[in-house]
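Asker: Kindly generate the corresponding structure for this input.
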Amino acid sequence: MGKIIIYQVFTRLFGNRSFNRVENGGIDENGCGKMNFFDDAVLRRIRNLGASHIWYTGIIRHATKTDYSAYGIPRQHPAVVKGKAGSPYAITDYYDVDPDLAENVNDRMAEFDSLVSRTHKNGLKVIMDFVPNHVARQYKSVGKPDGVVDLGEDDDKNMGFSPQNNFYYCVNTPFEPYLDLICGEKEPYTEYPAKATGNDHFDNHPCVNDWYETVKLNYGIDYCDAGGRSYHFDPVPDTWNKMLDILLFWAGKGVDGFRCDMAEMVPAEFWSWAVSKVKASYPDLLFIGEVYNPSLYRTYVTCGFDYLYDKVGMYDCLCGIVRGTCPASAITGQWQAVDDIKGHMLYFLENHDEVRLASDFLAGDARKGIPALIVSALMGGNPFMLYAGQELGERGMDKEGFSGLDGRTTIFDYWTVPALYKGYVNRRKLSNEEKALEKAYTLVLNLANSENAISDGCFFDLMYANQGREGFNPYSQYAFIRKYGNEVLLVVVNFSGEEADCNVCLPYHAFDYLKLPEGDVNMCDLLFDGDAQTVSLKADGTVNVKVGAYSGKAYKFNI
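Answerer: This next block holds a predicted model:
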């Protein structure tokens, strides 16, 4: 099996054929991408890029200012919706599909089923969001199966905390946030008693910087107990059973994995219980956790998560190198910190929460991210994820509406992403630079998929042997070896804007650890230049490698 390469798409934005791009525009002005945009041709293009999985972000119905009440979908009060389109992480019905994404709103679930089938037919697996920590303030399921009791329906609202309640309450207290609760409506938004807010804000006064549009789900932890937190997991809290049913519902539709939003805000005990039960019926289903605290990584791996975001480690490090504020040699410390669980770490350079590589807030030029791409994709057998448009140099420098000019692609507004419009709607508009970048991504990602040395091979970091050596600059250059059987890859990247003439030392320990024989070998670059050379492999000797600006070499040879 090749390496897992996840292509994240923000479904609402991806297939938008409109290019109006009116700031704060509604769906009628700016249009919206649909699930049926992902036809065979589009899915083949994503597969040919090198992806093995596609993460359809924002599938489950969430709060929006667009009125779908004519279809029996409860209308949301605009005071508790962020942006015209709304956040995909303010779920209004765990058993429903976002109507924005459907060509025919009444057929939205059938359209999703067709999307899953079509994706599988084209050789890709399906990942979707599971948002376990919070829901929209006006959560109301219209799609739940018969016999399912809605979240909060049976809660005792006279108790601030009860293990069998789904929400936390500010008893006998109205919702009084530091917000405009009217937002142009005839009546203000009201909530009584007030529920705790999703970012662990347990009073009735959230502000604009809180996740005010969401309410916290109760997994049996009393966060406001007199002696500090107390845990009430026996008997199993009601929320646990409800969330397990939701996971099994989507798994039953053929979904291959869940990206679990803010997984660390939900107790590890729930994950151990739920993941084991889901995997008993669907053993190959993946759980990917958004966990930012490295001290919790091993806890959540033990709970059953297949992969965790490597955000505050490898991602932050690579961003620092691209910005020029961190040496390339710092990469070594990042993989070493998680070496015992390295196969569980998910690498990425962009996602919907982070600034775009090419934005003015990071690199300012997508080409500067190429060496970071090579490192992320080729140094381990663990998965790599890219965000749609990254491969085309999307800059995220739009002021879309609720989302301001911040270098990120909006998740709150109806919008058209320029790079995706050119890449998937009108390819004639692609510049030569954008085509070259897409070609580079395709080459690197397919190399990661096709070479056994990348997906399954040994890894040897060469940096310790090259620190302080003439002809090698550890501030801007990074080198490592991958080996599988008799196939070896020597990878050298250059984060500098100038060509590098590197003399890479291959230490004795590398020969011993990888069982490399000394002698002459023929090396051929599998990346951009395709150049070949014959070199003499010698323990503690050097190999000369010329690497272009913001580029890399992956020399393959057989032993």
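
Asker: C-alpha only now, for contacts and for neighbours.
Answerer: OK.

Asker: Helices of the stretch 51-200 of the chain, start to end?
Answerer: Ranges of helices in the stretch 51-200 of the chain, per DSSP state H, counting those that start in this stretch, are 108-121.

Asker: Tell me which residue is most central in this protein.
Answerer: Ranked by distance to the mean C-alpha position of the chain (Cα atoms, centre = their mean), the top residue is Asn351 at 5.0 Å.

Asker: My guess is that one contacts Gln8. True?
Answerer: Yes - Asn351 lies in contact with Gln8 (Cα atoms under 8 Å); the separation is 7.4 Å.

Asker: what is in contact with the two at once?
Answerer: Taking Cα atoms under 8 Å, 6 or more residues apart in numbering as the contact rule, the neighbours common to Asn351 and Gln8 are 386-387.

Asker: Enumerate every residue touching His344.
Answerer: By Cα under 8 Å, 6+ apart, the contact set of His344 is 301, 306-308, 382.

Asker: ok, and the most crowded of the residues you listed?
Answerer: Most neighbours among the contacts of His344, by other Cα atoms under 10 Å: Leu308, with 28 neighbours.

Asker: closest to Tyr414 among the contacts of His344?
Answerer: Nearest to Tyr414 among the contacts of His344: Leu308, at 29.6 Å, using Cα to Cα.

Asker: isn't the closest one right up against Tyr297?
Answerer: Yes - with contact defined as Cα under 8 Å, Leu308 reaches Tyr297; the gap is 7.3 Å.

Asker: what's the overlap in contacts for those two?
Answerer: In contact with both Leu308 and Tyr297: Val291, using Cα under 8 Å, 6+ apart.

Asker: Now Gly461. Its backbone dihedrals?
Answerer: Small correction: residue 461 is Asp, not Gly. phi -80, psi 130 (degrees, to the nearest 10).

Asker: Next, count neighbours for it.
Answerer: What Asp461 shows, counting by other Cα under 10 Å, is a neighbour count of 17.

Asker: What strand or helix carries the spatially closest residue to Leu244 that is not a sequence neighbour?
Answerer: Once flanking residues are discounted, Leu244 sits nearest to Ala274: 5.9 Å by Cα to Cα, 6 or more residues apart in numbering. Using DSSP states H and E, Ala274 sits in helix 268-281.

Asker: send the alpha carbons of the helix or strand just after that helix over as CSV?
Answerer: Later in the chain than helix 268-281, the nearest helix or strand by DSSP H and E is strand 286-289. Output of strand 286-289 as CSV, limited to C-alpha atoms (Å, rounded to 0.1, in the frame of the first residue of the first chain):
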residue,chain,number,x,y,z
LEU,A,286,-9.6,6.0,10.1
PHE,A,287,-9.7,8.4,13.0
ILE,A,288,-7.7,11.6,12.6
GLY,A,289,-7.5,13.9,15.6
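
Asker: by contact count, what packs against strand 286-289?
Answerer: strand 257-260, strand 307-309 (3 or more Cα pairs under 8 Å, 6 or more residues apart in numbering; DSSP states H and E).

Asker: Which positions in the next helix or strand after the shortest one come out as buried?
Answerer: Beyond strand 307-309 in the direction of the C-terminus, DSSP H and E gives the next helix or strand as helix 316-323. When burial is assessed from 16 or more other Cα atoms under 10 Å, helix 316-323 yields the following buried residues: 317-323.
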